[in-house]
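Asker: Here's a sequence, model it:
(2 chains)
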Amino acid sequence: MSDLKKGISRRQVIKTGLAGIVATGIAPTIITRAYGYTNEPTGSTVKFGFNVPQTGPYAAEGMDELRAQQLAVEHLNGEGDGGMLNTFSSKMLKGNGVLGKKVEFVTGDTQTKSDAARAAARSMIEKDGVVMINGGSSSGVAVAVQGLCQEAGIIFMAGLTHSNDTTGKDRKANGFRHFFDAYMSGAALAPVLAKAYGTDRQFYMLTADYTWGWTQADSMKTFLEAEGWNMVTDVRTPVGAGDFSSYITPVLQSGADTLILNHYGGDMINSLTQAVQFGLRDKQVNGKNFEIIVPLYSELMAEGAGENIKGVYGSMNWNWQLSDPGTQAFVKSFGEKFGAPPSNSAHTCYVQTLLYADAVERAGSFNPCAVVEALEDNTGSLEGISSASNKGFLFDGMGNGKTLYRSADHQCFKDVLVMKGKESPSNQYDVLEIVETTPVSQIYYEPDHEMFGGAEASLGTCNPGA
Amino acid sequence: MDAIILQILNGLDKGSAYALIALGLTLIFGTLGVVNFAHGALFMIGAFCAVTLQRILTLSFEQVDPTQKDFLGNPLKVQVPYVESWFGPDIGAFIIDWAVPLAILLAIPVMLVIGIAMERGLIKHFYKRPHAEQILVTFGLAIVLQEIVKLFFGANPIQTGAPSVFTGSFDFGALLGMPPDVIIYPYWRMVYFLFAVVVIGAVFSFLQFTTFGMVVRAGMADRETVGLLGINIDRRFTIMFGVAAVVAGTAGVMYAPILAPNYHMGMDFLVLSFVVVVVGGMGSLPGAVAAGFLLGILQSFASMNEVKSVIPGIDQVIIYLVAIIILLTRPRGLLGRRGVMEE
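Answerer: Numbering: from 1, shown residues only, chains lettered A, B, ... in the order given. The predicted structure is shown next:
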């Protein structure tokens, strides 16, 4: 009797298994073949996938991204006050969804890990049928998910990713980055630092041990050495190390008078706090005050680091204190909904979602190749830069002034903000001040620059997934 | 030389935390025979007791200050802590400043209750189950506790400062006749090391010199015989679980100024503390303490640049490497006894 039962259940298992294989494996292929591109929306709705770190050392950034993405979807669907829809230079978005379809979204947790991020993205593509993936707060994750989207035939609108590799050696035709990169941070920061701290400094670097940390360390070294500074050493630290004290204590003995922290998120809060605890900033080395620099800043990190951030230089893609109409519209709708100003990771995700929707409207299709063509555009160029590569989709009203989505590498070019921890904040959010807005001409580079994969780097061709 | 002294000092505070957590783990394992993977979460909850007390003490009411503006351009609302309005600004500020040490007073009853509730409510039901199931259920519990803390406190680390008298660092180098600023060590880390020594001493004296401790030790050696003597050993073991929770919790409270508390700090410490217990010898309290300090210091050495340049990435694997070597040469760990987990 029991044997018989087992036999039946085994058969059932095989049946269900086969059905599962058919459903997940073959059926989608048939559907994609039939329509020409992956996940073509057929009903009255279209689905976006927001893949952000909800756990891990960058989780606070990820949660802020999610708020902004939620807001972007509301604005696209005509709810709320419309935010940047009112200030964006392209007037295609009317608040009636995208191509008349109501926007829905699903979310995934990248866990700040490449494999988890790919798994979450794959599930959103295959199970939920998303046409575009946006978000993320780590370059390791961005490069991994971008590769996946390229293979799957989905558009990837990168969130916060600052490694040169994202639009450098790992650039992909289906991937787009609005956020700035490590090269731009170095180019903007170095002259300001030389002016503030002199041209004769010995710097020591602690670097997060993955693609972002490496390219940022590389960029900072190149630009600071050009200003006459000298690197003592560059120490790689594991992501999520928690206690950085054993990396910090050797700094004072090394003869360095400046510490550069190539850390982000929770790691940066810990390393900066511990460096201050060890009294680094009260010391005098080589007859100069010891200084700490955090090349990539975020409001959330600054808030987390509290007092310790005062007087520390860094750079940002965008800040809520800017006075242009786009920024004001966005800060108003975000601030009123969530009770706090948006971070620059929130901003980039919001803008990327809108830029994608706008490109779909201009292309008249969700087909990834049509969207790529619309985002590349090639009719716009930035003023004051004479280069053959200076062409792409030019837009304004999104908080960064005139911005070029360069067609050659799918990287946005715009002004960069040099920031400093405020000495006397007037409220909880007033922790950073804008020291300088570095014009885009100063941070412009060619798409075949050696830090970006040289002449070999290529976008490849767009993949619609068919 | 100076670099070596520095890394030993660095290892001491980390080692103190490992030792305190491992002590509790061993205590629970030795008495109840349970491998408690939620022990790291107790450390984390302790740290959040410090955060909570700091939040309670800085609970404020709003006063509108029309002379300043907030980020949306409305008149700024200034927060005034209740404590400052009740006791006057000076005493109020002093109490807020000392939030972390004061949090120990909050953590002791809280951790005792959480510990006993955990044991009576969940772990009790797993005594007769295999170790694998105990690990699964306690690990699951740890994840639940972690997510609850994340829900209330968010994902970023929360700065929780030590009292201002302990900010800054002590110049050890000057004491040894070296030039200034060669060997510096923050005051609070010294306090933490002393605190760990006191707690470890207290736990050992409690077990060694009190009747209660004697019964517990007897129960650890032979539970059945102690039971046959008419002693309710289960109740005493439950209390020991509570004590272990208090040790982990207070260790977490005092660690808050060193490492800003975040929801996953417990997991980071637990895995290492578990290795500490294994290296020290399952069931051996002195072994857990010795291995805690040993591995803390080794980890500090491995993060030195000189060492890392010879063997890249050694700082992330050193503890496990040492664990493998020790287990190969001394399968019961440093001070492990015959017969523990071997039946």
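
Asker: Could you use CA atoms for every contact and neighbour count after this?
Answerer: OK.

Asker: which element follows the lowest-mean-pLDDT helix or strand in chain A toward the C-terminus?
Answerer: The weakest-scoring helix or strand in chain A, judged by mean pLDDT, DSSP states H and E, is helix A:27-35 (a mean of 43). Sequence order places strand A:45-52 as the next helix or strand after helix A:27-35, per DSSP states H and E.

Asker: Just the buried positions in whichever strand or helix holds A:Val143, please.
Answerer: According to DSSP H and E, A:Val143 maps onto helix A:139-152. Buried residues in helix A:139-152, defined by neighbour count with 16 or more other CA atoms under 10 Å in any protein chain shown: A:139-150, A:152.

Asker: Stretch A:43-51 now?
Answerer: Buried, per 16+ other CA under 10 Å, within stretch A:43-51: A:Val46, A:Lys47, A:Phe48, A:Gly49, A:Phe50, A:Asn51.

Asker: can you pull out the strands in the stretch 151-300 of chain B?
Answerer: Ranges of strands in the stretch 151-300 of chain B, per DSSP state E, counting those that start in this stretch, are B:169-171, B:184-186.

Asker: Of those, which stretch is the most buried?
Answerer: Counting by mean count of other CA atoms under 10 Å in any protein chain shown, strand B:184-186 has the highest mean neighbour count of the strands of the stretch 151-300 of chain B, with a mean of 21.

Asker: And chain A, is that one touching that?
Answerer: Yes. Counting by CA under 8 Å from any CA of the partner chain, chain A is contacted by strand B:184-186 at B:Ile184, B:Tyr185, B:Pro186.

Asker: contacting residues for the last one?
Answerer: What it means is B:Pro186. Residues near B:Pro186 by CA atoms under 8 Å, 6 or more residues apart in numbering or on different chains: A:Gln277, A:Phe278, A:Gly279, B:Phe166, B:Thr167, B:Gly168, B:Ser169, B:Phe170.

Asker: Show the low-confidence segments of chain A, by residue range.
Answerer: A:1-35, A:466 (pLDDT under 70).

Asker: for the helix or strand B:Gln79 falls within, what is the average pLDDT?
Answerer: Counting by DSSP H and E, the element that carries B:Gln79 is strand B:75-81. Confidence for strand B:75-81, expressed as mean pLDDT, is 74.

Asker: repeat for stretch B:262-280
Answerer: On average, stretch B:262-280 scores 87.

Asker: what comes up buried for that stretch?
Answerer: B:262-267, B:269-270, B:272-280.

Asker: Kindly report the same for stretch A:338-347.
Answerer: Neighbour-count burial for stretch A:338-347 flags A:Pro341, A:Pro342, A:Ser343, A:Asn344, A:Ser345, A:Ala346, A:His347 (criterion: 16+ other CA under 10 Å).

Asker: Let's see the pLDDT reported for the nearest residue to B:Asp181 once chain neighbours are set aside.
Answerer: Nearest residue to B:Asp181, sequence neighbours excluded (CA to CA, 6 or more residues apart in numbering or on different chains): B:Asp171, at 6.3 Å. For B:Asp171, the pLDDT comes out at 80.

Asker: Would you agree B:Asp171 is in contact with B:Gly177?
Answerer: No. The criterion here is CA atoms under 8 Å, and B:Asp171 misses it with B:Gly177 at 10.4 Å.

Asker: rewinding a little: with distance to chain B as extra columns, can I get the buried residues of helix A:139-152 in a markdown table?
Answerer: Below are the buried residues of helix A:139-152 laid out as a markdown table (distance: CA to the nearest CA, whole Å):
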| residue | distance to chain B |
| --- | --- |
| A:Ser139 | 19 |
| A:Gly140 | 18 |
| A:Val141 | 19 |
| A:Ala142 | 21 |
| A:Val143 | 23 |
| A:Ala144 | 22 |
| A:Val145 | 23 |
| A:Gln146 | 25 |
| A:Gly147 | 27 |
| A:Leu148 | 27 |
| A:Cys149 | 28 |
| A:Gln150 | 31 |
| A:Ala152 | 31 |
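
Asker: What helices and strands are in contact with the longest strand along chain B?
Answerer: Looking across chain B with DSSP state E, the single longest strand is strand B:60-69. If you count contacts as 3 or more CA pairs under 8 Å, 6 or more residues apart in numbering or on different chains; DSSP states H and E, strand B:60-69 packs onto strand B:75-81.

Asker: does any part of stretch B:295-313 sit near chain A?
Answerer: Yes. With CA under 8 Å from any CA as the threshold, stretch B:295-313 lies in contact with chain A, specifically through B:Ser300, B:Phe301, B:Ser303, B:Met304, B:Asn305.

Asker: Point out the one among the strands of the stretch 151-300 of chain B that comes closest to A:His449.
Answerer: A:His449 lies closest, by CA to CA, to one member of the strands of the stretch 151-300 of chain B: strand B:184-186, at 43.3 Å.

Asker: Give me the sheet partners of that closest one and which way each runs.
Answerer: Using DSSP bridges, strand B:184-186 pairs in its sheet with strand B:169-171 (antiparallel).

Asker: Show the contacting residues for B:Glu84.
Answerer: B:Asp90, B:Ile91, B:Gly92, B:Ala93.

Asker: of those, buried ones?
Answerer: Here, 16+ other CA under 10 Å leaves B:Gly92, B:Ala93 buried among the contacts of B:Glu84.

Asker: where along the stretch 1-150 of chain A do the strands fall?
Answerer: A:45-52, A:102-109, A:132-135.

Asker: Next, the buried residues of the second one.
Answerer: Of the residues in strand A:102-109, those with enough neighbours to count as buried (16+ other CA under 10 Å) are A:Lys102, A:Val103, A:Glu104, A:Phe105, A:Thr107, A:Gly108, A:Asp109.
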